[in-house]
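Trainee: Have a look at this prediction, sequence included:
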Amino acid sequence: FPVTICVHANGSGKHLLLYGVAGTGKTFLASYFALTDLSLGHAKRIIIVRSAVTTRDQGFLPGTLAEKMALYEAPYREVFAELCGGRRDAYDLLKKRDYLEFMSTSFIRGITFDDSIIIVDEVQNLTDHEISSVLTRVGKNTRVILCGDYRQNDLQMTGKKNQVSGIENLVRVARYMKSFELIEFTIDDIVRSGFVKEYLIACRDWE
């Protein structure tokens with residue numbers, strides 16, 4: 001069962017690539033592992049990175065850049081609240097105390113992350129170039145957890161032929177790296193709801 005394997009892998013200190021169908025708790029697990037590493041002193045801060053795919057259209061959204069990016073942070077506020085005993089302010093409190101930072105791949109160049117745990121979420125929305133930009137930022141005593149599902153590729157919505165997801169190449173490359181543990185999640189691992197599981201099984205069988 002991937003969750004059991006994943007928990008074991010977290011203790012191994014390896015980088016993790018969690019990939020597979022929706023509703024299997026990949027982001028939840030990554031956040032749990034990150035908070036565990038932070039609480040144990042294995043990391044000094046958590047960095048959450050994701051590609052704001054709609055940055056190609058962000059000019060149409062109201063507010064400042066910070067307000068626009070806040071839209072992408074909403075899922076993590078929910079996850080961190082659940083992991084922290086229902087505290088709705090857990091995510092923002094960690095940010096305020098500089099234990100947590102959220103950023104887009106658009107602003108990651110030139111940065112080196114030391115003593116950190118990096119969650120790269122929705123990795124299927126990153127191109128090969130973006131994935132390389134993130135992974136080459138990894139500094140000393142830093143661990144990476146990447147989460148994604150190639151079936152939920154929002155890059156296809158941009159209509160740009162050069163916007164190709166890098167997740168499949170990432171899986172291939174990670175298999176050649178001893179520092180990586182790869183865990184694939186299947187329909188059998190869905191925990192979000194019985195409805196999601198039923199829906200994805202129906203989609204699979206219909207295809």
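Mentor: Structure's in. What do you need?
Trainee: other SSEs contacting the longest helix along the chain?
Mentor: Taking DSSP state H as the criterion, the chain has its longest helix at helix 65-83. The helices and strands touching helix 65-83, judged by 3 or more C-beta pairs under 8 Å, 6 or more residues apart in numbering; DSSP states H and E, are helix 26-39, strand 45-50, helix 90-96, strand 100-104. Backbone N, C-alpha and C define where each C-beta goes, glycine included.
Trainee: So what's the residue count around residue 33?
Mentor: Neighbourhood size, residue 33 [other C-beta atoms under 10 Å]: 23.
Trainee: Who are the contact partners of it?
Mentor: Residues near residue 33 by C-beta atoms under 8 Å, 6 or more residues apart in numbering: 10, 16, 117, 145.
Trainee: host element of the first one?
Mentor: Translated: residue 10. Using DSSP states H and E, residue 10 maps to helix 2-12.
Trainee: what's the following helix or strand after that helix?
Mentor: Next along from helix 2-12, by DSSP H and E: strand 15-20.
Trainee: May I have the strands that pair with that next one, each with its orientation?
Mentor: strand 143-148 (parallel), strand 180-185 (parallel) (DSSP bridges).
Trainee: Dump these into TSV; add mean neighbour count and distance to residue 202 as well.
Mentor: Formatted as TSV, these follow (neighbours: other C-beta atoms under 10 Å; distance: least, C-beta to C-beta, whole Å):
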stretch	mean neighbour count	distance to residue 202
strand 143-148	26	23
strand 180-185	19	18
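Trainee: Make JSON lines out of the ones you listed and add mean pLDDT.
Mentor: Listed next are the strands paired with strand 15-20 as JSON lines, based on pLDDT from 0 to 100:
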{"stretch": "strand 143-148", "mean pLDDT": "96"}
{"stretch": "strand 180-185", "mean pLDDT": "94"}
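Trainee: Dump those into CSV; add distance to residue 164 as well.
Mentor: As requested, those are exported to CSV (distance: least, C-beta to C-beta, whole Å):
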stretch, distance to residue 164
strand 143-148, 14
strand 180-185, 21
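Trainee: what's the closest of these to residue 196?
Mentor: Ranking those by their distance to residue 196 (criterion: C-beta to C-beta) puts strand 180-185 first, at 12.5 Å.
Trainee: Now do the residue lying closest to residue 100 once chain neighbours are set aside, the pLDDT please.
Mentor: Across the structure, with C-beta to C-beta, 6 or more residues apart in numbering as the measure, the residue nearest residue 100 apart from its sequence neighbours is residue 94 (3.8 Å). pLDDT, residue 94: 97.
Trainee: Could you check how far residue 94 is from residue 34?
Mentor: 10 Å (C-beta to C-beta, to the nearest Å).
Trainee: Please say which of those two ends up with more neighbours.
Mentor: Between residue 94 and residue 34, residue 34 has the larger neighbour count (other C-beta under 10 Å), namely 26 against 19.
Trainee: Residue 69 versus the more buried one, what's the distance?
Mentor: Using C-beta to C-beta, residue 34 is found at 19 Å from residue 69.
Trainee: Now for the closest residue to residue 28 other than its chain neighbours: which residues touch it?
Mentor: Using C-beta to C-beta, 6+ apart and skipping residues adjacent in sequence, the residue nearest residue 28 is residue 79, 5.5 Å away. Taking C-beta under 8 Å, 6+ apart, we find residue 79 in contact with 27-28, 31.
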